[in-house]
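Q: could you work out the structure for the sequence below:
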Amino acid sequence: MIQIRPSDERGDGEYGWLNTRHTFSFDQYREPQWMGFRSLRVINEDLIAPGGAFPMHPHRDVEIITYVLEGALAHKDNMGNGSIIHPGDGQRMSAGVGVRHSEANPSPKKPTHLLQIWIEPDRKNYDLSYEQKPFAESEKRGRFRLIASSDGADGSLTIHQDAKFYATLLSPGDEVVHNVEAGRFIWLQNARGFIELNGQTLKKGDGAALSDEQKLTIKAAEDSELLLFDLA
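A: Predicted coordinates:
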């Protein structure tokens, strides 16, 4: 079964410095049908204006993954980390017992376009930790590249949950297949482009929840970037 989450039905917010879209319920946006999917709790698509910033704020008991599509993002936290996240990087912060962090667009001219992802951990009160790694475009071109997993397989980020997060870059006419193990669930997020998923079309910003599907066949009609979450 495939359930489409259309882009134009997501929650939204316009704040001058920030244009945001919420796939699942978040902050003041509440949609009972879309409180998350399995352990996947948040997918926020944010467009941050030049110089815009999320000031220092707290989180706890969540695995936060930041995936930058365009521009750059400056990260600081009370663990002492300070870094710039670029397209192709994977960044993971385990908020565990409680962390404070800020995120800012360091450019005075260019916007930052990103997806922030929250995954619920398999238990509460993990120690705080931070990880950031580059993933080459060539590793994602025409195939799924593992970005995060419970065991850090294939050089991926490590998260405290039985979940795998993949990304792929597709050119027009490319086709990729993902086989689904019994008892697993899939969320596919179309970050940009236009694709066909098992015969159904997804445009930019659309998501899809898949249950009881043995295989995903994805065909790109134009340049596309996709995020796939394989969940228990």
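
Q: only C-alpha atoms for contact and neighbour calcs from this point on.
A: Fine.

Q: isn't N105 right up against F54?
A: No. Look at N105 against F54 with C-alpha atoms under 8 Å: they stay out of range, at 9.1 Å.

Q: of the two, which one has the most company?
A: Higher neighbour count among N105 and F54: N105, with 26 against 14, using other C-alpha atoms under 10 Å.

Q: now do the contacts for the more buried one.
A: 48-53, 71-74, 111-112 (C-alpha atoms under 8 Å, 6 or more residues apart in numbering).

Q: just the buried residues from these, in PyMOL please.
A: In PyMOL, this line selects whichever of the contacts of N105 come out buried by 16 or more other C-alpha atoms under 10 Å:
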select buried, resi 48+49+50+52+53+71+72+73+74+111+112
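
Q: return the subset of the contacts of N105 lying in strands.
A: When DSSP state E is applied, these are split such that 48, 53, 73-74, 112 fall in strands.

Q: element containing Y67?
A: Using DSSP states H and E, Y67 maps to strand 63-70.

Q: so D154, which of the three states?
A: When classified by DSSP: H, G, I helix; E, B strand; the rest coil, D154 comes out as helix.

Q: now do the contacts for the closest residue to it other than its chain neighbours.
A: Of all residues not flanking D154 in the chain, L146 sits nearest, at 7.1 Å (C-alpha to C-alpha, 6 or more residues apart in numbering). By C-alpha under 8 Å, 6+ apart, the contact set of L146 is 153-154, 156, 164-167.

Q: what helix or strand is the residue most central in space within the chain located in?
A: Centroid-nearest residue in the chain, with C-alpha atoms, centre = their mean: I117, separated by 4.3 Å. Here I117 sits within strand 112-119, counting by DSSP H and E.

Q: again, but for E213
A: Per DSSP H and E, there is no helix or strand for E213.

Q: pull the distance from the strand holding Y67 to the chain's centre.
A: 6 Å (C-alpha atoms, centre = their mean, to the nearest Å).

Q: strand partners (parallel or antiparallel) of it?
A: strand 89-94 (antiparallel), strand 112-119 (antiparallel) (DSSP bridges).

Q: buried residues of it, list them for me.
A: Applying 16+ other C-alpha under 10 Å to strand 63-70 flags 63-69 as buried.

Q: any chance of TSV for those, columns pLDDT?
A: Listed next are these as TSV, based on pLDDT from 0 to 100:
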residue	pLDDT
E63	98
I64	98
I65	98
T66	97
Y67	97
V68	98
L69	98
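
Q: now those as a markdown table including distance to T20?
A: Below are the buried residues of strand 63-70 laid out as a markdown table (distance: C-alpha to C-alpha, whole Å):
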| residue | distance to T20 |
| --- | --- |
| E63 | 20 |
| I64 | 17 |
| I65 | 16 |
| T66 | 14 |
| Y67 | 14 |
| V68 | 14 |
| L69 | 14 |
